[in-house]
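Colleague: dropping the sequence and predicted coords here.
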Amino acid sequence: MPEMLEIEVYRRAAERVVGRRITQVHAPDGWYLKEGLTAPVLEKVVEGRTVTALRRRGKLLLVDTDEDGPTIGLRFGMTGRLLVDGRAGIEHLEYSSLRDNPEWDRVVFAFEGGGELRIRDPRRLGGVLLDPAEERLGPDALSVTPAQLRDLLATSRAPVKARLMDQSVVAGIGNLLVDEALWRAGIDPARESRTLTANELRRLHKHLRATLVELGERGGSHTGDLQDERRRDGVCPRDGTPLLRRTVGGRTTYSCPKHQV
DNA sequence: CTCGACTCCTGTTAGC
DNA sequence: TGCTAACAGGAGTCGA
């Protein structure tokens, strides 16, 4: 699934459209347009605009257009892929379909002189937003400092996993990345956030960062050391203990009952 | 305000 | 073999 690492791949792939003028918007799936946005409105405000920058905050991809133009927010849900000029930045996503069906195109931005940005999303959990409220997102997970992380977890009674996946707290972390980071840090996902000691917070910050960097280099959220064992009957890759499978923060969670405490 | 439960979506897969 | 039901999770909403 696309978490922040995959969105960053999309962002880099999409940078080639900077400087291009949008001539046509095709939004056949009204459900994919969020916060009251409609296809006619999207067309009206976007057509004729030139793309000036591609930014990312957490899992949100931001397409800036000329000074007085809007910013287009692209969300990819769990199965959304970005195609740039007909090419996919990522060919296959975990949990998505192996097939590649043009019927799954939810929105297309076509450019002057050819080429386009296209979201292809089988399960329709992504969406398009106009001028999204970026400030509602927490700091990007790659930029969060140890002190910020400490403060964000300090008073919360929610499980640390739920807190880390809350995009308004820290932006960019999804289910696979959080399970991997907590497994590496040796912290139980169900631990009440505010009970983490200073030492555990340091460890969490270190491993969260290392997980993002390392998995980014390996090629995505699904390349973690824990990934192959995220299944029923999986065992801890570190100590061979049968993994615990349960729901934490509303999501299927795998953890090692021996070394994650 | 905080947090958990519920809901949305649909292709894939496990199981009868 | 063919069908059904469970499953996957990002994000919004609602109620305690």
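Modeller: Everything's here; your move. Numbers count the residues shown, from 1 in each chain, chains lettered A, B, ... in the order given.
Colleague: correct me, but A:Y10 touches A:L61?
Modeller: Yes - using C-beta atoms under 8 Å, A:Y10 is in contact with A:L61, at 5.8 Å. The way it works is simple: take the backbone N, C-alpha and C, and place the C-beta from them, glycine included.
Colleague: test my guess that A:L60 contacts A:E135.
Modeller: No - if you go by C-beta under 8 Å, A:L60 and A:E135 don't touch, sitting 11.8 Å apart.
Colleague: ok so, going back, joint contacts of A:Y10 and A:L61?
Modeller: The contact sets of A:Y10 and A:L61 overlap at A:F76, A:L82 (C-beta atoms under 8 Å, 6 or more residues apart in numbering).
Colleague: please identify the helix or strand for A:P2.
Modeller: Counting by DSSP states H and E, no helix or strand carries A:P2.
Colleague: interface residues of the stretch 1-150 of chain A facing DNA strand C?
Modeller: Residues of the stretch 1-150 of chain A lying near DNA strand C by C-beta under 7 Å from any atom of the strand: A:M1, A:E3, A:K34, A:G58, A:K59, A:L60, A:R75, A:G77, A:M78, A:Y95, A:R123, A:L125.
Colleague: could you work out the most separated pair of those residues?
Modeller: Farthest apart among these by C-beta to C-beta are A:K34 and A:Y95. That separation is 21.5 Å.
Colleague: which residue ranges of the stretch 101-250 of chain A form helices?
Modeller: For the stretch 101-250 of chain A, helices defined by DSSP state H, counting those that start in this stretch occupy the ranges A:146-154, A:160-165, A:175-185, A:198-218.
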